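Enquirer: Got a predicted model here, sequence first, then my questions.
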Amino acid sequence: DAVSNNLDRLTVPQPISRARSAASSARTSTRGTVAAPIRARLYEYLGALQDRVSDFDQLVVLDLKGRVVATSGQSSSPLRLPQDWLRTLRVEGQLFGDPYWDVAAGKGKLIVAVPVQRADGRVIGAFAADLNLLPVQRVLRSFVSDSASAIYLLNAKGALVAGSRDLSAQLMKESVPQSTLQRLTQREGDPVSYASVTGDRVVGSLKRVPQIPWSVLAETSADGAFREVARFRNLATLVIVSLLLVTSAGAYRFGVIIVRPLDRLIEGAGKVAAGHLDVDLPVAGADEVGYLTKVFNGMVWRLREGRK
């Protein structure tokens with residue numbers, strides 16, 4: 001439909017300067033006149049948003065084929081999306097990719113995404129973020145009082161997402177063996193003796209994070225384990241509460257501040273591209289989105305006047 005066609009037209013990212021140049025030269029059709037200014041404003045908005053959300057190394061808008069529509073940077077580095085990322089977004093309404101080590105940046109990263117939906121609920125794209133795991137590591141480290149103990153954040157496969165200890169490319173390739181993960185999950189909250197990913201004999205306790213396929217694993221050396229297990233249970237609960245607060249705040253930010261305004265603008269652009277110039281989007285607030293909406297409405301008004 002018109003919205004999907006509009007996304008297809010905005011699949012190849014380019015710097016804002018090139019988008020502005022395209023906007024000034026594409027005068028021959030309604031499609032060309034609309035697409036370039038919207039993309040330029042979208043690039044500017046994502047860049048301004050990233051300046052306020054420092055935990056994200058990159059903010060990206062994707063179409064249904066995983067192609068980049070817009071990015072917060074002048075160029076976009078490839079995103080490591082799972083093979084079934086689109087199905088996961090449609091079914092679960094959120095996506096948490098596998099953690100990986102960025103060799104160039106020298107730090108661990110994780111892809112998170114939420115769907116971009118039309119008013120009728122149809123998914124037309126995704127808003128994705130390249131999450132820097134260093135802030136998560138600092139939070140976990142704040143709950144550890146000695147070098148003999150550690151707290152790890154695991155995904156559903158047992159792979160390390162983050163930890164209180166310094167992460168490395170080699171450590172992020174490690175994962176908790178499935179047999180050990182199964183024992184920890186079956187005895188959730190209870191102390192279990194096992195060999196850690198570092199090879200040391202430890203006693204640990206696992207707690208699953210509600211609403212997210214992650215778990216918090218708190219462990220300490222077997223020598224002092226039994227006097228520390230009770231305290232680690234409380235720490236794991238505090239970490240879960242902190243993660244829930246961060247997740248809720250992120251979901252609210254994506255849904256209210258980012259996804260909904262972008263959804264209205266994309267749908268409005270699709271209508272204009274299809275020749276319907278009776279579009280007048282509501283201006284909500286005086287932030288970047290409000291400014292972008294004003295610019296869009298003004299552009300549509302000039303198109304209507306030109307058609308008359």
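Expert: That came in fine, so what should we check first?

Enquirer: Next, name the residue at the spatial heart of the protein.
Expert: The residue lying closest to the centre of the chain (C-alpha atoms, centre = their mean) is V112, at 2.9 Å.

Enquirer: Would you state the helices of the stretch 1-150 of the chain in chain order?
Expert: Secondary structure of the stretch 1-150 of the chain, counting by DSSP state H, counting those that start in this stretch: helices at 2-9, 16-25, 30-52, 85-92, 134-141.

Enquirer: Where among those helices is average confidence lowest?
Expert: Mean pLDDT values for those show the minimum at helix 16-25, a mean of 32.

Enquirer: Tell me how far A222 lies from L89.
Expert: Computed as C-beta to C-beta, to the nearest Å, the A222 to L89 distance reads 42 Å. To be clear about C-beta, it is placed using only N, CA and C from the backbone, and glycine gets the same treatment.

Enquirer: the more surrounded of those two?
Expert: Of the pair A222 and L89, L89 is the one with more neighbours under other C-beta atoms under 10 Å, namely 23 against 16.

Enquirer: if we can go back for a sec, from R80, how far out is the residue nearest to the centre of the chain?
Expert: 12 Å.

Enquirer: repeat for V300
Expert: Relative to R80, V300 is positioned 38 Å away (C-beta to C-beta).

Enquirer: neighbour count winner among the two?
Expert: Counted by other C-beta under 10 Å, V300 and R80 do not tie: V300 has more neighbours, with 21 against 15.

Enquirer: and the more buried one, what does it touch?
Expert: Applying C-beta atoms under 8 Å, 6 or more residues apart in numbering, we find V300 in contact with 268, 272, 277, 279-280.

Enquirer: Report the buried residues of the helix or strand that it is a member of.
Expert: For V300, the host element (DSSP states H and E) is helix 288-307. For helix 288-307, a neighbour-count test (16 or more other C-beta atoms under 10 Å) marks 288-289, 291-293, 296-297, 299-300, 303 as buried.

Enquirer: Export those residues to JSON lines and append columns for distance to S142.
Expert: Output for those, formatted as JSON lines (distance: C-beta to C-beta, whole Å):
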{"residue": "E288", "distance to S142": "33"}
{"residue": "V289", "distance to S142": "34"}
{"residue": "Y291", "distance to S142": "38"}
{"residue": "L292", "distance to S142": "38"}
{"residue": "T293", "distance to S142": "40"}
{"residue": "F296", "distance to S142": "44"}
{"residue": "N297", "distance to S142": "47"}
{"residue": "M299", "distance to S142": "48"}
{"residue": "V300", "distance to S142": "50"}
{"residue": "L303", "distance to S142": "54"}
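
Enquirer: Just name the closest of the residues you listed to D51, please.
Expert: E288 (10.4 Å; C-beta to C-beta).

Enquirer: okay, that closest one: pLDDT?
Expert: 69.

Enquirer: list residues touching both of V112 and R80?
Expert: Common contacts of V112 and R80, defined by C-beta under 8 Å, 6+ apart, comprise G97.

Enquirer: wait, isn't the residue nearest to the centre of the chain in contact with P99?
Expert: No. In this structure, V112 is not within contact of P99 by C-beta atoms under 8 Å, at 11.0 Å.

Enquirer: By neighbours, which of the contacts of V300 wins?
Expert: Greatest neighbour count in these, by other C-beta under 10 Å, goes to V272: 25 neighbours.

Enquirer: Please give the element, helix or strand, for that residue.
Expert: Assigned by DSSP H and E, V272 belongs to helix 260-273.

Enquirer: Return the list of helices and strands in contact with that helix.
Expert: Contact here means 3 or more C-beta pairs under 8 Å, 6 or more residues apart in numbering; DSSP states H and E; on that basis helix 260-273 packs against helix 2-9, helix 30-52, strand 107-117, strand 123-132, helix 288-307.

Enquirer: hey, C-alpha coordinates of that helix in PDB?
Expert: Output in PDB follows, covering the C-alpha atoms of helix 260-273 (Å, rounded to 0.1, in the frame of the first residue of the first chain):
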ATOM      1  CA  ARG A 260       3.900   7.100  17.600                       C
ATOM      2  CA  PRO A 261       5.000  10.400  16.100                       C
ATOM      3  CA  LEU A 262       7.100   8.600  13.500                       C
ATOM      4  CA  ASP A 263       4.200   6.400  12.700                       C
ATOM      5  CA  ARG A 264       1.900   9.500  12.000                       C
ATOM      6  CA  LEU A 265       4.600  11.100   9.900                       C
ATOM      7  CA  ILE A 266       5.300   8.000   7.800                       C
ATOM      8  CA  GLU A 267       1.500   7.400   7.300                       C
ATOM      9  CA  GLY A 268       1.000  11.100   6.400                       C
ATOM     10  CA  ALA A 269       3.900  10.900   3.900                       C
ATOM     11  CA  GLY A 270       2.400   7.900   2.300                       C
ATOM     12  CA  LYS A 271      -0.900   9.600   1.800                       C
ATOM     13  CA  VAL A 272       0.800  12.700   0.200                       C
ATOM     14  CA  ALA A 273       2.900  10.500  -2.000                       C
END
